[in-house]
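> Need the 3D shape of this:
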Amino acid sequence: MSDKPTILLVHGFWGGAAHWNRVIAELLRRGHTSIHAVELPLTSLAHDAERTRKMIAQQPGPVLLVGHSYGGAVITEVGDQPNVVGLVFIAAFAPDAGESPGGITQEHLPVAAPNLAPDSDGYLWVKPQLYHQSFCQDLPANEGLVMGITQKAPLASTFGDTITAPAWKKKPSWYQISSDDRMIAPENQQRMSARLGARKVITLKASHASLASMPVEVAALIDEAASELTK
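From the prediction side, this is the model:
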């Protein structure tokens, strides 16, 4: 029996590493001791991939990558690293070669698409007063308001950055669909998860912020993936 892989958590747009707080607490409770959360610049897929690649390279053993939202595109791009043993997608983009998060979004526009607003510097924001109803409607309103105020906006151009060689074609994967997602249409999640050939796909009746609203269930899927990869 080999050691459990290091779990490397990759956040998405409109949030940072702290979006994983509750999942981290649950993973620690389940006995995982090697956990890291990347803080992405959200300035381009290339920059975000490079930051994640460096974090992967810092780990001495096998790594399980976990991506939420746009973080799924990042782990798809960097998961070809030799010490990466698996990929877990949490309400996430899993683009194929030549696809971008923006292109996939256009296939089925999410409910909250009208609630995004660019600023004069090229950053794309969820309108803070609409963040709760857009991103995390299954969390308390005050929590949604705080998340909206502290959101980390991406450069809008990042949406159009395309994947080169998708790691999910070579590495085992797991996927969690959020059926009440207003940021990535559930139809898009179903299509992406179906083509992964994932070892397991679960559906949670959750918002886009399933990692915050249903951390026990999300951590259980990550734990299951880690356990399978340890055998």
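
> residue contacts, the most centrally placed residue in the chain?
By Cα atoms, centre = their mean, the mean C-alpha position of the chain lies nearest to His68, the distance being 1.2 Å. Residues near His68 by Cβ atoms under 8 Å, 6 or more residues apart in numbering: 9-12, 15, 19-20, 90-92, 211. C-betas here are computed from N, CA, C, even on glycine.

> Please save the CA atoms from the top helix by length along the chain in PDB.
For the chain, the helix with the greatest residue count under DSSP state H is helix 215-230. Extracted in PDB, the C-alpha atoms of helix 215-230 (Å, rounded to 0.1, in the frame of the first residue of the first chain):
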ATOM      1  CA  PRO A 215     -18.200  20.300   1.700                       C
ATOM      2  CA  VAL A 216     -18.800  16.900   3.400                       C
ATOM      3  CA  GLU A 217     -20.100  15.400   0.100                       C
ATOM      4  CA  VAL A 218     -17.300  17.100  -2.000                       C
ATOM      5  CA  ALA A 219     -14.600  15.900   0.400                       C
ATOM      6  CA  ALA A 220     -16.000  12.400   0.300                       C
ATOM      7  CA  LEU A 221     -15.600  12.200  -3.500                       C
ATOM      8  CA  ILE A 222     -12.000  13.600  -3.200                       C
ATOM      9  CA  ASP A 223     -11.300  11.100  -0.400                       C
ATOM     10  CA  GLU A 224     -12.700   8.200  -2.500                       C
ATOM     11  CA  ALA A 225     -10.500   9.200  -5.400                       C
ATOM     12  CA  ALA A 226      -7.400   9.400  -3.200                       C
ATOM     13  CA  SER A 227      -8.200   6.000  -1.700                       C
ATOM     14  CA  GLU A 228      -8.600   4.400  -5.100                       C
ATOM     15  CA  LEU A 229      -5.300   5.800  -6.200                       C
ATOM     16  CA  THR A 230      -3.600   4.600  -3.000                       C
END
